[in-house]
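the sequence and its predicted three-dimensional model are supplied below.
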Amino acid sequence: SCYIYDLLIGRNLIARLIVTLLATRKNCHKLIFLSEAAKQSFFSSLYYPKRARKILEEKSVVIYPVPLLKTAPHPTKQRSERLKVLFVGMYYMKGGIELVNAFERLRKEFQNIELTIVTPVHTLKEEHATHLRSVTGLTLLDAKLGAEEMRSLYREHDVFCLPTYRDGFGLVLIEALAHGMPLIITDQYATREMIVEDANGFIFHGHPLMDYEPETYRLLGKYYNPKKFYTDLFRFQKEGKLEPVEDFIYTSLRKFLTEPELLEQFSRRSLELYAEKFHP
């Protein structure tokens, strides 16, 4: 995010000279990146002279922006017979429509599943807000909750689902890990760093709104303008290009419903990953 994801700025000769001059000075000790994805992206998206690049690479470190929890992570949960799923984020951008579609399909087969959506309600289209409030087993909460209210939600729910299409990091995923929640997510920039696939969650690879090369993290810059992103998002939904994401969410949640022992296994692995990688 050094160039605010704007490759026109990043490729500007003056911008690169400024970064090179500042970062290669002796009193610049470290370049701190928020994720491995951010670090790789910085070097793969832009050109730096060989000598400067070597200095920049030697100074580069990754320090995750982990949340400082006032209470210890919860290794055990008071689980009910219901599978309680939590979503926190911008509804459209983070795959809320696909999640709700999958949830409604599951409710036709299973009555013991509930979904809580936490999102800025004012950003929803009126017809979507009305629909969400009408879905049986779904609770819609405005994203104006305090820290303790959010911690209560993490403690009370079993699975965290964030099939995001536009994310640089995803701090809520680490918060979910700290509360022993399995993850159901898309592979979006740094999110894969929060999961051990099929051990503490499930991850969908290759969603159609990916704006970088997944192997190198080289930014493409197609969706620098949010208007272009949302235009394609809504068009892809109409064309059915996001139905595979919906199917993935449906299949992943169904596994927890039909194999309840997975919940405890994945929950333990989330706590282990948090302790290994993200504890303050």
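Nice, thanks for sending it over. On a predicted model such as this, the values are computed, not experimentally measured, just so you know.

check which helices and strands the helix or strand where residue 248 lies sits against.
Take DSSP states H and E as the rule and residue 248 turns out to sit in helix 243-258. On a contact count with 3 or more C-beta pairs under 8 Å, 6 or more residues apart in numbering; DSSP states H and E, helix 243-258 meets strand 83-88, helix 96-107, strand 159-162, strand 183-186, strand 201-204, helix 261-273. From N, CA and C alone the C-beta is placed, and that goes for glycine too.

for the fifth one, the averaged confidence score.
For strand 201-204, the mean pLDDT works out to 98.

which residues sit against it?
163, 182-187, 191-192, 195, 197, 244-245, 248-249, 252, 255, 266, 270 (C-beta atoms under 8 Å, 6 or more residues apart in numbering).

what residues of it count as buried?
201-204 (16 or more other C-beta atoms under 10 Å).

out of these, who's nearest residue 96?
Residue 96 lies nearest to residue 204 out of the buried residues of strand 201-204, by C-beta to C-beta, at 14.7 Å.

low-confidence regions, the chain specifically.
Filtered on pLDDT under 70, the chain yields the residue ranges 1-5, 68-79.

follow-up on the earlier one: relative to residue 17, which of the helices and strands packed on helix 243-258 is closest?
If you check each of these against residue 17 by C-beta to C-beta, strand 183-186 wins as the nearest, at 36.4 Å.

in its sheet, what does the closest one sit against?
Using DSSP bridges, strand 183-186 pairs in its sheet with strand 159-162 (parallel), strand 201-204 (parallel).

where do the helices sit along this structure?
For the chain, applying DSSP state H gives helices covering 7-10, 13-23, 36-45, 50-59, 96-107, 126-134, 147-156, 171-178, 226-239, 243-258, 261-273.

now the longest one: how far from the chain's centre is it?
Centroid separation for helix 243-258 versus its chain: 17 Å, with C-alpha atoms, centre = their mean, to the nearest Å.

hmm, who's touching it?
With C-beta under 8 Å, 6+ apart as the criterion, helix 243-258 contacts 83, 85, 95, 98-99, 101-103, 105-106, 109-110, 112-113, 158-159, 161, 163, 182, 184, 186, 202, 204, 207, 262-263.

how many neighbours does the nearest residue to residue 7 once chain neighbours are set aside have?
Computed as C-beta to C-beta, 6 or more residues apart in numbering, the closest residue to residue 7 that is not its neighbour in sequence is residue 221, at 4.0 Å. When neighbours are counted by other C-beta atoms under 10 Å, residue 221 registers 17.
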